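# quick check, what structure comes out for this input:
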Amino acid sequence: FIDPIYQMFEQELNKILRSWQPSILPDGSIFSRVEEDYLWRIKQLGSHSPVALLNTLFYFNTKYFGLKTVEQHLRLSFGTVFRQWKKNPLTMESKACLRYQVSSLCRADSEDKITTGKRKHEDDEPVFEQIENTSDPARCPVKMFECYLSKSPQNLNQRTDMFYLQPECSVSAESPIWYTATSLDRNTLENMLVRVLLVKDIYDK
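Below is the predicted model:
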């Protein structure tokens with residue numbers, strides 16, 4: 001519902017969705033009719049447009065890093081994202097991954113402290129990462145992030161106070177830059193989160 005004509009409808013729909021909670025089936029699994037694969041097929045996710053790309057990054061960050069509040073998403077920044085190589089100790093295969101510096105995301109005094117992530121020892125900081133999807137590059141989180149960087153103003157790459165950028169008002173898929181140097185407002189992020197939390201795959205992770 002990107003067209004302004006749907007703005008009022010979108011606002012009312014978001015009000016309804018804010019109170020939605022996933023149903024728990026007898027086997028303990030989550031029930032939701034919204035599935036990730038469907039969102040790819042109807043192009044709600046992907047890198048074909050500025051809005052779809054933003055939705056995809058937001059979805060991946062929610063799914064893999066467990067960012068379930070707007071405050072957690074607001075603490076992400078370009079300056080805390082690192083592209084690295086990770087080797088599988090069993091197969092010795094190396095894959096690219098996105099790793100987030102998590103100290104800003106896991107403050108002990110924070111009410112919405114993130115608890116997901118891997119730890120070798122209890123005192124270690126949890127590791128938040130997104131692994132390259134070599135079997136389906138069109139749905140690869142690493143490639144999505146690289147596309148996002150290439151379509152964003154280059155002087156923002158090391159900023160530590162922004163991550164989700166406002167799309168340009170009028171761009172085409174061929175435009176070299178899709179985004180402005182302005183962060184998305186909190187209300188927009190709240191609405192994005194409401195919709196992302198409807199997706200069954202978020203809870204299957």
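# in its sheet, which strands sit next to the worst-scoring helix or strand of the chain on mean pLDDT, and in what direction?
Every helix and strand of the chain was ranked by mean pLDDT, DSSP states H and E. The lowest is strand 30-31, at a mean of 72. On the basis of DSSP bridges, the sheet neighbours of strand 30-31 come out as strand 23-24 (antiparallel).
# how about the strands in the protein?
23-24, 30-31, 81-87, 94-100, 128-131, 165-167, 179-183 (DSSP state E).
# now the angle from the third one to strand 94-100?
Interaxial angle, strand 81-87 versus strand 94-100 (axes from the mean of the first three to the mean of the last three CA atoms, to 10 degrees): 150 degrees.
# check the offset of the least confident helix or strand of the chain from the chain's centre.
21 Å (CA atoms, centre = their mean, to the nearest Å).
# and for stretch 73-90?
So, by CA atoms, centre = their mean, the centroid of stretch 73-90 is 13 Å from its chain's centroid.
# hey, where'd the helices end up in the chain?
Remark: helices assigned in the chain by DSSP state H are 7-17, 36-41, 50-65, 70-74, 141-150, 186-196, 200-204.
# deepest-packed of these, please.
For the helices of the chain, the largest average neighbour count (mean count of other CB atoms under 10 Å) is found in helix 50-65, namely a mean of 20. (Each C-beta comes from the backbone N, C-alpha and C, glycine too.)
# show me the shaky parts of this protein.
1-4, 102-126, 205 (pLDDT under 70).
# and residue 86, how far is that from residue 79?
Going from residue 86 to residue 79 by CB to CB, to the nearest Å gives 21 Å.
# just to revisit the earlier point, how about the helices of the chain, which one is nearest residue 93?
Residue 93 lies closest to helix 141-150 among those, at 14.7 Å (CB to CB).
# convert that closest one to PDB, retaining C-alpha atoms only.
Output of helix 141-150 as PDB, limited to C-alpha atoms (Å, rounded to 0.1, in the frame of the first residue of the first chain):
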ATOM      1  CA  PRO A 141      20.800 -11.400   3.300                       C
ATOM      2  CA  VAL A 142      24.500 -10.600   2.500                       C
ATOM      3  CA  LYS A 143      23.600  -9.600  -1.100                       C
ATOM      4  CA  MET A 144      20.600  -7.600   0.000                       C
ATOM      5  CA  PHE A 145      22.800  -5.600   2.400                       C
ATOM      6  CA  GLU A 146      25.400  -5.000  -0.300                       C
ATOM      7  CA  CYS A 147      22.700  -3.800  -2.700                       C
ATOM      8  CA  TYR A 148      21.400  -1.500   0.100                       C
ATOM      9  CA  LEU A 149      24.900   0.000   0.600                       C
ATOM     10  CA  SER A 150      25.300   0.500  -3.200                       C
END
